[in-house]
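Q: only geometry, no sequence info:
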């Protein structure tokens, strides 16, 4: 076995060294690279300034994989191109095809400022960026491999998935860990960690990657059978709906199920304020199956748009099983969709009471011709977390409802949040 | 005026370079130091390994302030003491008084393992840690200042407040930086950069920080008058609605205006799919002024919920001035709110035509008893960008409408996106 490859990760930007923003790319890339068998020796955040070139020049003498994020924009303080050109001793050259592709993205009259982005070091290879304007690139000189990737988080993630893995396998000859990708919903990081320990199978290890609406779990291990056994145990323990194989999103899972069955969905949202609609319509082509959402924030809106009874709200409150149920039935009737969900809760920071503290959320789902199933969750006391968990739970519950297998006792085991 | 002091911040630990945990100390210290007028040149996370000593040794040749966090514990992979001793060429020496104080903190029989912590470089000064076990220390050799602080977040914060500030003021002679924070909307980074150059005022510099819905602009400069003059010129050039003083969000600006006037708002969304409602309800207390949003994604929803004419959609299309206007009036009537906005557009990737390419978005705003003002934008060809720009434009247009100063010719100058 060859010694594991050494790497340095650079994030460039004065907003990092001035503490204006937190670098998250370093950790993200470090975790990826470690998983791929690369030894990360240094993660650093540097300024858009001359001493950065010196630093990289020094590192290039002995390091073997230098990965840069950010600093690829059109302005003069985006210096990654120049830094790499100097360290690799490859002059920047203008790439006509790159310039044409940048011009296609922009209004011609405004593209001029972006011309800088069409220059990359001689002999280097372009890594196209379909998710933004700044292309990446990579190249090798004197045994040092340079990889430049854009800074916006989504672009970075997509480009790592698309290019970085294959590039390292082909050119750097890393020996990647073999793993199974899993996505988990609604399970806090520490609870997931305990569950992994509890369900441990010999010959596997795990790593996680936390995102706003989900946690990715990577199960490492040479034997696929052992990885599958571990996944099976985890699913049995934590709920098969909350631990899914692959890199998936709840809105996509719902829309796939709807498309497969030729069904349409509609939602009614109070505390989530439109976030469920936003997550569904983020998926291109969602108009096939999505009718819309009634964002009924005010009580008057719940009554007027969805026909929730004034009496219901007075008697049980806006956050109640009864109101959630009437909201779901109301939007189902209004939309004539096949399946609907409704969410009403106390997102905080205000509005909580002893009986219904901040974090109390009622979610109801129902289908044409059927009864509503409602369930109350306690989603903690932070507004954004309460909202995100509500969105995730509603999407998964709609998917279960559509599959005909939603049961309150199953939801009872989602006791993680 | 002496040149601003240069600094490097180190966080030590293999759990950092393997991506297991996120370093947050770098940003925390960078922000503190920047505010104190220290120029942070590098923030880095290093392994507990021999190359870390080399790295610090190299940096100590020319940097003037080296700050270390973590690695001060009792175990052999806590290497900060050794690293600093080697870089500063000051041998570690046993400090009896430090040992006594560590022993007082611990059960005597268990303190032995902590004996390592009583060794610090010769000639260095102890920084007592009342909040934990690992004391810090600092010293200067050959013009380089070394400061070692403990890793636990609370201990680090307390020690910075207590010792780091005074130490820098006395020994490093820092001078805090003066700046004006500005937020810009809908202006792409390269266009903003050009505008800054064009409107340059002597004695100021600028930095930017890009976020999904806005770009922060920091105007640095000693004279407040010069900073204000620069801001005034930028606002005159780019539009006073798109360049705002302070760190602000469009949803907050709208809600503040609504609260000030005791007005309520409602929205109707097609291509944004709930994102406007989501942005508004992200702000705690938004229920005071926000009625809700009709997310009418399907054409049937536009007709059924908002009373948009079937004829209107057939004749002008779902993405048109007429449909946007009827949606805005429809949601205003439904909600009885004071001001409403409606958004309908082609977010892509599908659905574009020659006449209405991807990125075409109509936004209409109107107030009770008034006429609708509608405007069409060309927001580029990427789905998420089109949606975000639509959200931002709709929020700002509602704020203008509420202030009574929305005019189509003003919108004409928002030609940036």
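A: That came through, no problem. Just so it is clear, the structure is predicted and the values come from calculations on it, not from any experiment.

Q: quick one: stretch A:59-66 near chain B?
A: No - figure legend: stretch A:59-66 not in contact with chain B (CB under 8 Å from any CB of the partner chain); closest approach 8.6 Å. Heads up, the C-betas are built off the backbone N, CA and C, glycines and all.

Q: quick one: that stretch to chain centroid distance?
A: Relative to the centre of its chain, stretch A:59-66 is centred 31 Å away, using CA atoms, centre = their mean, to the nearest Å.

Q: my guess is residue A:83 contacts residue A:53. True?
A: Yes - contact status for residue A:83 versus residue A:53: in contact at 5.1 Å, counting by CB atoms under 8 Å.

Q: quick one: which of these two has more around it?
A: Neighbour tally, residue A:83 and residue A:53, criterion other CB atoms under 10 Å in any protein chain shown: the higher count belongs to residue A:83, 25 against 17.

Q: tell me where the model's unsure across the stretch 1-150 of chain A.
A: Scanning the stretch 1-150 of chain A for pLDDT under 70 picks out A:1-4, A:105-111.

Q: please repeat the previous calculation with a cut-off of 80.
A: Counting by pLDDT under 80, the stretch 1-150 of chain A contains low-confidence residues at A:1-5, A:62-63, A:75-77, A:102-113, A:131-133.

Q: quick one: the strands in it?
A: In the stretch 1-150 of chain A, strands defined by DSSP state E, counting those that start in this stretch lie at A:6-12, A:39-46, A:65-69, A:92-94, A:119-121, A:125-127, A:136-141, A:144-149, listed in chain order.

Q: same list, the ones you listed, but as JSON lines with mean neighbour count please.
A: Rendered in JSON lines, the data for the strands of the stretch 1-150 of chain A read as follows (neighbours: other CB atoms under 10 Å in any protein chain shown):
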{"stretch": "strand A:6-12", "mean neighbour count": "25"}
{"stretch": "strand A:39-46", "mean neighbour count": "26"}
{"stretch": "strand A:65-69", "mean neighbour count": "26"}
{"stretch": "strand A:92-94", "mean neighbour count": "14"}
{"stretch": "strand A:119-121", "mean neighbour count": "22"}
{"stretch": "strand A:125-127", "mean neighbour count": "16"}
{"stretch": "strand A:136-141", "mean neighbour count": "21"}
{"stretch": "strand A:144-149", "mean neighbour count": "24"}
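
Q: residue B:392 is nearest to which of these?
A: Ranking the strands of the stretch 1-150 of chain A by distance to residue B:392, with CB to CB as the measure, places strand A:65-69 first at 25.8 Å.

Q: for stretch A:339-354, what is the distance to the chain centroid?
A: Computed by CA atoms, centre = their mean, the separation of stretch A:339-354 from the middle of its chain amounts to 24 Å.

Q: revised request: answer the last question for stretch A:338-349.
A: 22 Å.

Q: span of it from start to end?
A: 35 Å (CA to CA, to the nearest Å).

Q: that one vs chain B: in contact?
A: Yes - Stretch A:338-349 reaches chain B (CB under 8 Å from any CB) through A:347, A:348, A:349.

Q: number of residues surrounding the first one?
A: Applying the criterion other CB under 10 Å, we find 29 residues in the vicinity of residue A:347.

Q: so what's it up against?
A: The contact partners of residue A:347, taken as CB atoms under 8 Å, 6 or more residues apart in numbering or on different chains, are A:271, A:358, A:361, A:383, A:386, A:387, A:390, B:281.

Q: need the max-distance pair from those residues.
A: Spatially, the most separated pair among these is A:358 and B:281, at 14.7 Å (CB to CB).

Q: neighbour count winner among these two?
A: Neighbour count, other CB under 10 Å: between residue A:358 and residue B:281, residue B:281 has more, with 28 against 20.

Q: and the more buried one, how far from chain A?
A: The gap separating residue B:281 from chain A is 3 Å, by CB to the nearest CB, to the nearest Å.

Q: how near is that residue to residue A:295?
A: Look at residue B:281 and residue A:295: by CB to CB, to the nearest Å, they are 8 Å apart.

Q: overlap in contacts of these two?
A: Residues touching both residue B:281 and residue A:295 (CB under 8 Å, 6+ apart): A:273, A:274.

Q: which stretches of the stretch 151-300 of chain A form strands?
A: Using DSSP E, counting those that start in this stretch, the strands of the stretch 151-300 of chain A run over residues A:179-184, A:205-211, A:214-220, A:243-245, A:265-269, A:290-296.

Q: in JSON lines, list those along with mean neighbour count.
A: Below are the strands of the stretch 151-300 of chain A laid out as JSON lines (neighbours: other CB under 10 Å):
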{"stretch": "strand A:179-184", "mean neighbour count": "20"}
{"stretch": "strand A:205-211", "mean neighbour count": "16"}
{"stretch": "strand A:214-220", "mean neighbour count": "20"}
{"stretch": "strand A:243-245", "mean neighbour count": "19"}
{"stretch": "strand A:265-269", "mean neighbour count": "32"}
{"stretch": "strand A:290-296", "mean neighbour count": "31"}
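
Q: between those, which gets nearest to chain B?
A: Between chain B and the strands of the stretch 151-300 of chain A, the shortest gap by CB to the nearest CB is with strand A:290-296, which sits at 3.7 Å.

Q: what's the angle from the closest one to strand A:265-269?
A: 10 degrees (axes from the mean of the first three to the mean of the last three CA atoms, to 10 degrees).

Q: so what touches strand A:290-296?
A: Contact partners of strand A:290-296, identified using CB under 8 Å, 6+ apart, comprise A:255, A:264-270, A:273-274, A:276-277, A:280-281, A:301-302, A:305-306, A:308, A:327, A:330-331, A:334-337, B:273-274, B:277, B:292-298, B:300-301, B:305.

Q: and what of stretch A:121-138?
A: Surrounding stretch A:121-138, the residues in contact under the criterion CB under 8 Å, 6+ apart are A:72-74, A:81, A:84-85, A:88, A:90-93, A:95, A:98, A:101-102, A:105-106, A:114, A:117, A:120, A:139, A:141, A:145-152, A:154-155, A:158-159, A:163, A:167, B:382.

Q: take these and keep only those in helices.
A: By the criterion of DSSP state H, membership of the contacts of stretch A:121-138 in helices covers A:81, A:84-85, A:88, A:98, A:101-102, A:105, A:154-155, A:158-159, A:167.

Q: which of these count as buried?
A: For the ones in helices among the contacts of stretch A:121-138, burial is judged from neighbour counts taken by 16 or more other CB atoms under 10 Å in any protein chain shown, and it is met by A:81, A:84, A:85, A:88, A:98, A:101, A:102, A:155, A:158, A:159, A:167.

Q: of the residues of stretch A:338-349 next to chain B, just say which sits nearest to chain B.
A: Relative to chain B, and with distances defined as CB to the nearest CB, the nearest of the residues of stretch A:338-349 next to chain B is residue A:349, at 5.3 Å.

Q: any idea how far the closest one lies from residue B:265?
A: In this structure, residue A:349 lies at 21 Å from residue B:265, with CB to CB as the measure.

Q: residue A:287 too?
A: Distance of residue A:287 to residue B:265, computed by CB to CB: 26 Å.

Q: need the three-state assignment for the closest residue to chain B within the stretch 301-417 of chain A.
A: Among the residues of the stretch 301-417 of chain A, residue A:301 lies closest to chain B, at 4.1 Å counting by CB to the nearest CB. Per DSSP: H, G, I helix; E, B strand; the rest coil, the local secondary structure of residue A:301 is helix.

Q: in the sheet, who's paired with the residue sitting nearest the centre point of chain A?
A: What sits nearest the mean C-alpha location of chain A, by CA atoms, centre = their mean, is residue A:211, with 4.9 Å. Here residue A:211 shows beta-bridge partners residue A:214, assigned using DSSP bridges.
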